[in-house]
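Asks: Structure for this input, please:
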Amino acid sequence: MMHAVISGDVIAFTSLSVAQRGQLEERINALLGELASGFAVHGQIVRGDFLELYVPKPEQSFRVMLLAKTFVRAQELEIEPNEDKRVKLYRSHGIRLALGMGSLERLDLEKGILDGEAVYLSGRLLNEEKTHDKKRVTVKRTLFFRSADADLQAEIEPLLALVDELLGRATGKQCEVLYHRLLSKEEKRISEELKRGQSTINQHTTQAGWQAIEQAVERFETRVSKLS
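Replies: From the prediction side, this is the model:
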C-alpha cells in the first residue's frame, strides 16, 4: 500500500528571534489543526523547526504540501531591530518541504509511531538538499518529491519544479490567497474573509499563477488516485 509523508523544515529558523519563533510555532500549530480537521492529517512539530505530516489519502498529499508552503510564506512576522540577514531567506522562502511516497512498516498514530520507506524518502530528501555551505546560506529549491515508483517520480517531479518556481516569485499576500484557493474557496468568499476587494483577490490569484498550480494539483490527484 502506498503512503504519503511530508517532511518540512523552516528556513533560517535559528536566525529568528525568540519572539519570532514563538509567533511562528503558534501559527504552525494552528495550521496543523486545520489540516487535521480538513484532511485528517496527522502532523507534529519536532525541534521547533521540523514538521512531519502523515496524509491518509496520498492523492491529497500535494495539496497538503502546498497548503503548508503557502501558509508559512504568508506569515508576516514582526521585524526585529538588528535582524539577522539570514531572516530574509525565511521571509522570501518560508519553508522547505519534501513529499515521500512509499510503504510504511509501522503506523500507530495514537502512539505517534510512523516508520518506513515513505518517512525515509521524505526525510533523506531534505538532508540531501542542503541550504548552506561553510560560508553562506543559499536556497535553490523548496519543494521535493521522491517515490520508489520510477514512473511516478518521472511524472510528478516536473510538476513540483513548476509550482516551486511560481511560489518562489509570489508575494506573501499572494500566497495567502493561494492558501485559501487550495482549500477550494471561491474568490468572493476569500474577499469576505480577508476583507479585501474581490478585484484585488482576483489580481493576486492571477499574478501568482493559480491556473497552472490548480492544474498541477489536479493532475497529481488524478495520477496518484489510480495507484490506490
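Asks: Buried residues in stretch 118-126, which are they?
Replies: 118, 119, 121, 122, 123, 125, 126 (16 or more other C-beta atoms under 10 Å). The way it works is simple: take the backbone N, C-alpha and C, and place the C-beta from them, glycine included.
Asks: Can you add pLDDT, distance to residue 28 and secondary structure and give the residues you listed back as JSON lines?
Replies: Formatted as JSON lines, those follow (pLDDT from 0 to 100; distance: C-beta to C-beta, whole Å; DSSP: H, G, I helix; E, B strand; the rest coil):
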{"residue": "118", "pLDDT": "75", "distance to residue 28": "21", "secondary structure": "helix"}
{"residue": "119", "pLDDT": "76", "distance to residue 28": "20", "secondary structure": "helix"}
{"residue": "121", "pLDDT": "79", "distance to residue 28": "23", "secondary structure": "helix"}
{"residue": "122", "pLDDT": "80", "distance to residue 28": "17", "secondary structure": "helix"}
{"residue": "123", "pLDDT": "77", "distance to residue 28": "18", "secondary structure": "helix"}
{"residue": "125", "pLDDT": "69", "distance to residue 28": "20", "secondary structure": "helix"}
{"residue": "126", "pLDDT": "74", "distance to residue 28": "16", "secondary structure": "helix"}
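Asks: What is the longest helix anywhere in the chain packed up against?
Replies: Assignment by DSSP state H gives helix 18-39 as the longest helix of the chain. Secondary structure elements in contact with helix 18-39, counted by 3 or more C-beta pairs under 8 Å, 6 or more residues apart in numbering; DSSP states H and E, are strand 42-46, strand 50-55, helix 61-74.
Asks: so what does the second one touch, helix or strand wise?
Replies: For strand 50-55, the elements it packs on are strand 3-10, helix 18-39, strand 42-46, helix 61-74, judged by 3+ C-beta pairs under 8 Å, 6+ apart.
Asks: Next: the longest one.
Replies: In this structure, helix 61-74 packs against strand 3-10, helix 18-39, strand 50-55, strand 95-102, helix 150-169, helix 172-182, helix 210-225, with contacts taken as 3+ C-beta pairs under 8 Å, 6+ apart.
Asks: of the ones you listed, which approaches residue 191 most closely?
Replies: If you check each of the helices and strands packed on helix 61-74 against residue 191 by C-beta to C-beta, helix 172-182 wins as the nearest, at 9.5 Å.
Asks: Show me which positions of the helix or strand just after that closest one end up buried.
Replies: Using DSSP states H and E, the next helix or strand after helix 172-182 towards the C-terminus is helix 187-194. For helix 187-194, a neighbour-count test (16+ other C-beta under 10 Å) marks 187, 190, 191 as buried.
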